[in-house]
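K.L.:
sequence and predicted structure are below.
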Amino acid sequence: MMVGKQGKQWRSVCKGLILGTLLTSCMILLYCLSAPEVQFSLPDVPVPYSCSHHPAPAHPVAASNSVHGQEQRCTPKVDIMFLKTHKTASSTILNILFRFGEKQRLKFAFPSSRNDFFYPSPFHRSQVKDYRPGVCFNIMCNHMRLNEAEVAKVLPADTSYITILRDPAELFESSFHYFGRLVPLTWKISGDDKLGEFLREPEVYYDPDGFNSFYLKNLLFFDFGQDNNLSADDPRVEEGIQAIAQRFELVMLVEHFEESLILLKDALCWDMEDLLFFKLNARKGSTVSKLTPELRAKALEWNSIDWKLYQYFNTTFWQKVEAYGMERMAKDVAELQRRNAEMATICIEDGHAVDAGSIHETAMQPWQPIGEKSIMGYNLKKNVDKAHRKLCRKMLTPELQYLTDLGVNLWITKLWGHVRDILHW
C-alpha cells in the first residue's frame, strides 16, 4: 500500500518536472524569438536637437540664483534619458517620469513586448517600439544595458541624462535575494545563510561567463555597459567612470533619495508637485538579510568596481548639494516630505504598504521574485475625493501595470507570469 502511494507521488513529481521543463523551454524560445533582428542597415538620420513639442511655460528660479535682484526663469526640460539601474528604487523614479510624461503629453521610447530593452543585451535602437530613423522621442527610462552611441541615435541632442546608484553592499544583498535563483551556480549553496556562504567563498559559486552571473558582481557597472569582471585597479575602470561622469548630468543616490529628487527638480526645472512619490517595489523587512560588518566588507570587496563608482559619485553628489545650499535643501526636503505625507493620508488605505497577500486589487499587485512574495504594495483608499482620485491611482500603480496603461504590449512578460503562476514559482 505504502509502495503504491510513493509510486503515485513520484509520478506526480515527474509530471511536474516534465511540465515545468516544457513550459520553461517554450518560454525561453518565445523570449528569444521576440528579440528583433538587429538592423545594422538602419540609416543614420539625425534626430532633431530638441523634441519639445511646444514651448513650456517658464518657471521662476529660486532667489539664491537670481542676478542683481532680478528673478531668473527657466523652462522645464522634457527630453530625458533615465538609466534605470537594478535594485536602486528606480521603479519609484519611473512612476515619477511616467506621470510627468503624461502631464506634458510627451513621447516615450518604450521596448516592445516586454518591460526592458532586451536586457542584458546591449541596447540597440531597433529594440524601441515604433522606432523610425529621425523620429522624435522625449523620454527613455526602461531597463537596458547602456549603449550610449545607440541611445544618441534615438534621443535628441539636448537630452538630460540622469541615473541613480545605491550603496554596493546593500545593492548586492538585494540583488542576491531577487535574482539569486536565476544564477544556476548558486543552486548548489546549502543552508539557510546562502548570502553569507556566497560571500565567504564567492569564487566557488561565481563564473564570469555563467548564465546571469552579472547579477552577482558589479551590477551597476554592468548596467552602464561596462565590463563588470575587471580588476578595480584596471585603467579601464577609471576611464569608464569618467565617461559616465561626462555623459550624466545628475547621478542620484538611493541613500539620499529626497535630496536627489530636489536636485532632479533643480536640474530639469520641474515643480515640486512633479516629485510626489510613494515608495514602490519595497521588500518586507523580514526578508532583508542584515549585513554584519564582516559581510558588508566582503560585499564591498567583491563589488569593488561598484564601490569605486559609488564613492566617486557620492563626492560629486554632495558637491551639488552644497552648491544648491544646505539650508535651502533641508527646507525643500521638508516640504517634499510634508506633501508626500499629505498624499499618503489621502490615497493609501491605513497609510502604509502591505504584504502582497493583503493587496485587494490585482491591478495593484507588484511583480514578485521567483519563489517569493516579498515585494509589498498598496491598497487604494476607498472614497478618495474626485480631485485626487486619478493622481492617487497613478502614484500607487506598479510599473508593469502602468506600462500597460501607457500602451506597451507586455505579452512576453505576462505569459512568463502565467507560467510562474501555474508552477507556483
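P.N.:
Received the coordinates, thanks.

K.L.:
strands of this protein, start to end?
P.N.:
Taking DSSP state E, the strands of the chain run over residues 59-60, 73-74, 80-83, 139-140, 160-165, 250-253.

K.L.:
which stretch in the ones you listed has the least confidence?
P.N.:
Lowest mean pLDDT within those: strand 59-60, at a mean of 64.

K.L.:
now render the strands of the chain as TSV, adding distance to Ala109.
P.N.:
Every residue, glycine included, has its C-beta placed from N, CA and C. As requested, those are exported to TSV (distance: least, C-beta to C-beta, whole Å):
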stretch	distance to Ala109
strand 59-60	25
strand 73-74	25
strand 80-83	9
strand 139-140	4
strand 160-165	14
strand 250-253	19
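
K.L.:
could these be laid out in TSV, adding distance to Pro369 and mean neighbour count?
P.N.:
What follows is the strands of the chain, written out as TSV (distance: least, C-beta to C-beta, whole Å; neighbours: other C-beta atoms under 10 Å):
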stretch	distance to Pro369	mean neighbour count
strand 59-60	40	13
strand 73-74	41	13
strand 80-83	22	25
strand 139-140	25	24
strand 160-165	20	22
strand 250-253	24	23
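
K.L.:
mean pLDDT per helix and strand in this structure: which one sits at the bottom?
P.N.:
When each helix and strand of the chain is scored by mean pLDDT, DSSP states H and E, helix 2-34 comes last, with a mean of 48.

K.L.:
what sits closest to the residue nearest in space to the middle of the chain if chain neighbours are left out?
P.N.:
Closest residue to the average C-alpha location of the chain: Ser90 at 3.5 Å, with C-alpha atoms, centre = their mean. Leaving aside its sequence neighbours, Ser90 sits nearest to Lys84 (C-beta to C-beta, 6 or more residues apart in numbering; 4.4 Å).

K.L.:
repeat that for Lys265.
P.N.:
Leu275 (5.7 Å).

K.L.:
the residue nearest to Ser90 against Ile93, yeah?
P.N.:
Yes. In this structure, Lys84 is within contact of Ile93 by C-beta atoms under 8 Å, at 7.4 Å.

K.L.:
of all the strands of the chain, which lies closest to Gln127?
P.N.:
strand 139-140 (10.7 Å; C-beta to C-beta).

K.L.:
quick one: contacts of that closest one?
P.N.:
The contact list for strand 139-140 (C-beta atoms under 8 Å, 6 or more residues apart in numbering) reads 78-82, 97, 101, 106-109, 128, 151, 154-155.

K.L.:
residue contacts, the residue nearest to Lys265?
P.N.:
Applying C-beta under 8 Å, 6+ apart, the residues near Leu275 are 96, 261-262, 264-265, 336.

K.L.:
and what of Ser304?
P.N.:
218, 232.

K.L.:
ditto for Cys51
P.N.:
Neighbouring residues of Cys51 by C-beta under 8 Å, 6+ apart: 78-79, 107, 136-138, 155-156.

K.L.:
let's see if you can find the most crowded of those.
P.N.:
Among these, the one with the most neighbours (other C-beta atoms under 10 Å) is Val78, at 26 neighbours.

K.L.:
and that residue, how far is that from Asp158?
P.N.:
Remark: distance between Val78 and Asp158 (C-beta to C-beta, to the nearest Å) = 9 Å.

K.L.:
one more: Leu268?
P.N.:
According to C-beta to C-beta, Leu268 and Asp158 sit 12 Å apart.

K.L.:
which of these two has more residues huddled nearby?
P.N.:
Taking other C-beta under 10 Å, Leu268 and Asp158 do not tie; Leu268 has more neighbours (20 against 13).

K.L.:
burial of the closest residue to Leu268 other than its chain neighbours, as a residue count?
P.N.:
Nearest non-adjacent residue to Leu268, counting by C-beta to C-beta, 6+ apart: Lys77, 4.4 Å away. For Lys77, the neighbour count with other C-beta under 10 Å is 18.
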